[in-house]
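1. This is a predicted model, with the sequence first.
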Amino acid sequence: MELLIFYPLAGICILFALGVVINNSPINSAISLIGMMLCLAGVFILQQAHFIAVLQIIIYAGAIMVLFMFVIMLLNLKGKGEDDKWQSRDNNLLLNVLSGLLAAGILYKLISIINEAKFNSPALTSENFGTVREVGTILFTEFVLPFEVASILLLVAMIGAVVLAKSKVD
Amino acid sequence: MLLKLTALIPLYPLIGCLINGFFGLRIGKNTVGLVAAGSVGLSFLTTLIVFFGLVMTPAEERVFEQVLFTWFAAGDFTAEFGFQVDPLSMTMMLFVTGVGFLIHVYSIGYMHEEYSFYRFFTYMNLFMFSMLLLIMGNNFLLMFIGWEGVGCCSYFLIGYYFEKKSACDAGTKAFVMNRVGDFAFLLAVMYIFNIFGSIDFTTVFNAAPEKLIYNSEAVTTITMLLFIGACGKSAQIPLYTWLPDAMEGPTPVSALIHAATMVTAGVYMVVRCNAIFALAPITMATVAFVGAGTAIFAATIGMTQFDIKRVLAYSTVSQIGYMFMAVGVGAYTAAIFHMVTHAFFKACLFLGSGSVIHGLHGEQDMRKMGALKNHMPITFVTFFISTLAIAGIFPLSGFFSKDEILYHALMDGNVILWGMGITGALLTAFYMFRLVFMTFFGESRVDPHVHPHESPKIMTMPLVILAGLAFFGGILGIPLFHGWHILHNWLEPVFHFDLASALEHSAHMLHEQGKHAPSWSHLLAPEEGHNIWIEIALMLLSLSIAVAGIFGAYMCYIKKPHLPDSLTKGQWGYDLVKNKYEVDEFYDDYIVKPTVETSHLLWKECDAKGIDGTVNGTAKILGWISKQAQSFQSGFVRNYALFMVVGFIGLLIFSI
Amino acid sequence: MNLETVPLTHYLFLSATLFVIGVAGVLVKRNAIVVFMSIEIMLNAVNISLIAFDRYLNLHDGQIFSFMVMCVAAAEVSVGLAIIISLFRNKPTTNLDDFNIMKS
């Protein structure tokens, strides 16, 4: 069951991610990203992380991506004209080739590291592992201080966004 | 009680120097002169008070030390800032402040036309301060400070007319030659500290007989180094050439620094260190012969010069040579006696020559003088008295002091020294009267446009006082009768040195080192009694020698004015002497030029190319690297991201 | 190894692949917004690793971590997009190569 779902899901996920990078239009990129987020939510569910999967959909696919779309539309970015000059600058071609090589290098290195690692057989998971109740209990008991700090972080980010984005009054 | 005032003595000139230095241009010439001369005058009065305080204390306790504060201390080494007053330094202080005061007063008149009047008096006061530090310091280091200070002021004042290149060169020459001596002096001080662990005069001289072995290498090295230092300061062979050139400075400077006080510092220092010198017979002999040699050498040059101040300068070199000769034969009293009388008559002569130059509006060449005795009578009379004194005519001061030196030289058993001395006396009488005859007698060769005139009273008064002192100064040391020699009795405690016990110590120490001590018994032979008849014979001899010298000068320059020319024409010897034995040229060719060339080479090759090249090269390389690094800061976020990723990969590769 | 479950390494491969795609996006894309999206991909890739290890070790700490990562991502996106807006106001472009005012 897990096998059947995971590999297609992972393949689609990677395809969507590539779509984000390859697409010229920001809108298309954003839609690809949403697809990727949803696939990832499925992956999380496979891992019995139900709470996180729900959060993934609510926060990423919902809130963050709406924000992205909103900004793209606000700035009225067109697909054409922005990235048409893909190879217009000489030094950028070199930069892109170099970037691709670097990325490939990192991938190779990471995969080799993961391959070398020895993992024991996994521990048995309990019935209600990863449920909202389970995670919520831990979040409000053991990790209550980081949780509150995270809320303050979000508050500060909100104020920062308002201050930065508002038009100059004076 | 009265001795407590000692610290004030050098303080007054320092205050005067500061006032004139900082406010000299604002307070006006009259105030500047008043401050300068007044501070030295106060100093002189204080010295008199301290002198009476010292006289009233018993003869055995006449050493007073006043430590103001500990200057610095490092480990075992402490240097105090303190003054020492004993009969020797008292004598020096008296005539330095006294003559200094008179010269300051004279300078007010002489320098009155100068624009930077205040600068002159600032330096003069600073000089007085340094000189008093030199004399009164209670340790070698403080003496060295004064020693450097007077050298520095000498440099300033020789180069007083700094717009004249010759004056600047003369100042540099004096400074550099003094440095040679100063360096040796400093080495000696270090050596002394190495042996004694102290640089305090009292400690060192009390410990000298116990720590130094008679005629050992150590004591010879120390004394030789000290003597080289004295040579530099006191213009003895081979470091004498700066003094004649130093006459580029204003005449009062020549009188104060380059005749009366500073140049005698070397003699003072050697006399002060008599406890060490007494243990070094080789150095003593060197001192005596260098002194005697300088006396004759400079006298011969003096006979051929035509610049009035240069003649006096060579005369000074020659007279200091006499003092060193006296020191070298152990006649310290005679040396100090001659130093005092020399200060009187030489200061008077210099000031008199200054008066002549002043009266002739800056003319210094004796060939353009003559018959001035009617124009400037006071100057003439005082000058004549001083000349008689320096020539050694009875009963003026120079007669007694010079005679005493010659007597001691003979009694020391060295006929050669005595012969050199008596020859020098003959030459002295000759060239001094040559000077007087050419300047004041004969026909007038003065430029007809110049009208000679007598100097103002402020200049003639010091002349009169100094001439009086030059006349009566001999009272200080009347020979023949035991107990009449005031100076001798006064200085006796300072020169008291127990050679017998010192030799015993040395023998003991040598014995401990397992060496055989040579026999020194002959050194302790009882001194022969003061033989009055020998002395009287010597007096008569030197008197007749002086008269002979004067007669020679009279014949050459009054009676037959063409005689000198016909005698000297075409004589290579005369030309050699007239060119000062080519010593300056010799130094230039073999010391100065190679030094300058080497320095130039070092500058061009080592410094400009090597060191500067390294420094500039480092800067250039760094600049180049920075240029390269600058391209990393493109301002494009993506480049930065790229570098970040590169760093990340580096971490991945090297850390895992 | 249990045949019915996907091995941990495969989750990690997925994580690594997504992360590298994100890196490449950051390096290659010139549109600031797309660069931001790539950063989101990277963050999500990390989340996969965290959750995979979480299950493997039967712990909940990884989920808490990924929760925190999401919070940070949300904050970052809101501030980052605000910065892009204010940049856009100065210069009507989101092309990063047009902004080199960080150069001295």
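-> Received, thanks.
2. Three-state assignment for the nearest residue to B:F196 once chain neighbours are set aside, please.
-> For B:F196, ignoring the flanking residues on the chain, the nearest one in space by C-beta to C-beta, 6 or more residues apart in numbering or on different chains is B:V204 at 5.0 Å. C-beta coordinates here come from the backbone N, C-alpha and C atoms, glycine included. With DSSP: H, G, I helix; E, B strand; the rest coil as the basis, B:V204 sits in helix.
3. Quick one: residues contacting B:V204.
-> Shown in contact with B:V204 (C-beta atoms under 8 Å, 6 or more residues apart in numbering or on different chains): B:140, B:192, B:196, B:198, B:275-276.
4. JSON lines please, covering those and showing neighbour count.
-> Converted to JSON lines, these look like this (neighbours: other C-beta atoms under 10 Å in any protein chain shown):
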{"residue": "B:F140", "neighbour count": "26"}
{"residue": "B:I192", "neighbour count": "22"}
{"residue": "B:F196", "neighbour count": "19"}
{"residue": "B:S198", "neighbour count": "18"}
{"residue": "B:A275", "neighbour count": "21"}
{"residue": "B:I276", "neighbour count": "22"}
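5. Just want the phi and psi numbers for the residue in chain B that chain C sits nearest to.
-> Nearest residue of chain B to chain C (C-beta to the nearest C-beta) works out as B:G635 at 2.9 Å. With angles defined as degrees, to the nearest 10, B:G635 sits at phi 90, psi -10.
6. same thing with B:F162?
-> Torsion angles, degrees, to the nearest 10, at B:F162: phi -70, psi -10.
7. cool, C:N95 as well?
-> Per degrees, to the nearest 10, the backbone of C:N95 is at phi -70, psi 120.
8. What residues are bridge-paired with it?
-> C:N31 (DSSP bridges).
9. wait, isn't it in contact with C:V34?
-> No. Taking contacts as C-beta atoms under 8 Å, C:N95 lies outside contact range of C:V34: 10.6 Å.
10. quick one, which of those two is more surrounded?
-> Per other C-beta atoms under 10 Å in any protein chain shown, whichever of C:N95 and C:V34 has more neighbours is C:V34, with 30 against 16.
11. wait, what's in contact with the more buried one?
-> Here C:V34 is in contact with A:20-21, A:26, A:29, C:25 (C-beta under 8 Å, 6+ apart).
12. cutoff 6 Å now
-> Shown in contact with C:V34 (C-beta atoms under 6 Å, 6 or more residues apart in numbering or on different chains): A:26, A:29.
13. returning to what we had before: from the contacts of B:V204, pick the one nearest chain A.
-> Ranked by distance to chain A (C-beta to the nearest C-beta), those are led by B:S198 at 72.2 Å.
14. Check whether that closest one sits in a helix, strand or coil.
-> When classified by three-state DSSP, B:S198 comes out as coil.
15. Can you tell me the closest non-neighbouring residue to it?
-> Leaving aside its chain neighbours, B:S198 sits nearest to B:V204 (6.1 Å; criterion: C-beta to C-beta, 6+ apart).
16. how near is the one you found to B:A275?
-> As judged by C-beta to C-beta, to the nearest Å, B:V204 and B:A275 stand 8 Å apart.
17. Touching both of the two, which residues are there?
-> With contacts taken as C-beta under 6 Å, 6+ apart, B:V204 and B:A275 have no neighbour in common.
18. Show me what the top helix by length along chain C is packed against.
-> What stands out as the longest helix in chain C, according to DSSP state H, is helix C:61-90. Using 3 or more C-beta pairs under 6 Å, 6 or more residues apart in numbering or on different chains; DSSP states H and E, the elements in contact with helix C:61-90 are helix A:144-165, helix C:32-57.
19. does the spatially most central residue of chain A belong to a helix or a strand, and which?
-> Residue closest to the mean C-alpha point of chain A, counted by C-alpha atoms, centre = their mean, is A:M37 at 6.4 Å. A:M37 belongs to helix A:26-46 when assigned by DSSP states H and E.
20. Beyond that helix, next helix or strand please.
-> Using DSSP H and E, the next helix or strand after helix A:26-46 towards the C-terminus is helix A:50-55.
21. Just the residues contacting that following helix, thanks.
-> Here helix A:50-55 has contacts from A:41, A:44-45, A:130-132, A:135, C:63, C:66, using C-beta under 6 Å, 6+ apart.
22. Find me the pLDDT at the residue minimising distance to the centre of chain B, would you?
-> A centroid search over chain B (C-alpha atoms, centre = their mean) returns B:V263, at 1.6 Å, as the residue closest to the centre. B:V263 carries a pLDDT value of 88.
23. Please apply the same query to B:S626.
-> 90.
24. ok, now how distant is it from B:H488?
-> To B:H488, B:S626 is 79 Å away according to C-beta to C-beta.
25. Those two: who's more crowded?
-> Applying other C-beta under 10 Å to B:S626 and B:H488 shows that B:H488 carries more neighbours, namely 21 against 9.
26. Quickly find the element holding the more buried one.
-> B:H488 is located in helix B:486-495, with elements delineated by DSSP H and E.
27. got the angle for the lengthiest helix in chain A vs helix C:32-57?
-> Of all the elements of type helix in chain A, the one with the most residues (DSSP H) is helix A:90-116. Put simply, helix A:90-116 runs at 0 degrees to helix C:32-57, going by axes from the mean of the first three to the mean of the last three C-alpha atoms, to 10 degrees.
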